[in-house]
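> Next one to model:
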Amino acid sequence: HVQLVESGGASVQAGGSLRLSCAASGYIFNSHCMAWFRQLPGKEREGVAAIRTGGGPTFYSDSVKGRFTVSRDDAKNTVYLEMTSLKPEDTAMYYCAATAGYHCYLGKHFDYWGQGTQVTVS
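All right, here's what the predicted structure looks like:
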């Protein structure tokens, strides 16, 4: 039973920082591409960042490049999203996702999804 559990979402002021975590279980974590997506109600889901097995390379959407950093700790089966210089337009529900295989990019089909963690920037 695959499970992805996000945490770390909060309400912060513009310019602030947050670190999201996603704990994975039920599958071989280090063989999966991991990614973060975000979505506002009524809007399409947007890929934010992805990280290949083994810790790299990483991929980012243009909207977060230079501000967000994705990383993973395979020993802890956890992927992180470090978010800095937060803007009100970063407000969204953030989801962690996983898919098997070496190739890793935001447009790939992801098989597993978490329930999301809310980030609000004001």
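
> Just checking: what are the partner strands of the least confident helix or strand in the chain by mean pLDDT?
Ranking every helix and strand in the chain by mean pLDDT, DSSP states H and E puts strand 58-60 at the bottom, with a mean of 92. Paired with strand 58-60 in the same sheet, following DSSP bridges, are strand 46-51 (antiparallel).

> contact partners of the strand it pairs with?
Applying Cβ atoms under 8 Å, 6 or more residues apart in numbering, the contact partners of strand 46-51 are 33-39, 57-61, 63-64, 68-72, 79, 81, 92, 94, 104-108. Quick note: C-beta positions are derived from backbone N, CA and C, even for glycine.

> Out of those, which end up buried?
Listed as buried from the contacts of strand 46-51 are 33-38, 58-61, 64, 68-72, 79, 81, 92, 94, 104, 106, 108; burial here means 16 or more other Cβ atoms under 10 Å.

> Mind telling me which residue is nearest the centre of this structure?
residue 36 (2.2 Å; Cα atoms, centre = their mean).

> which SSE is that residue in?
strand 32-39 (DSSP states H and E).

> Which strands and helices lie in contact with that strand?
On a contact count with 3 or more Cβ pairs under 8 Å, 6 or more residues apart in numbering; DSSP states H and E, strand 32-39 meets strand 18-25, strand 46-51, strand 68-73, strand 78-83, strand 92-100.

> nearest to residue 1, of those strands?
strand 18-25 (8.0 Å; Cβ to Cβ).
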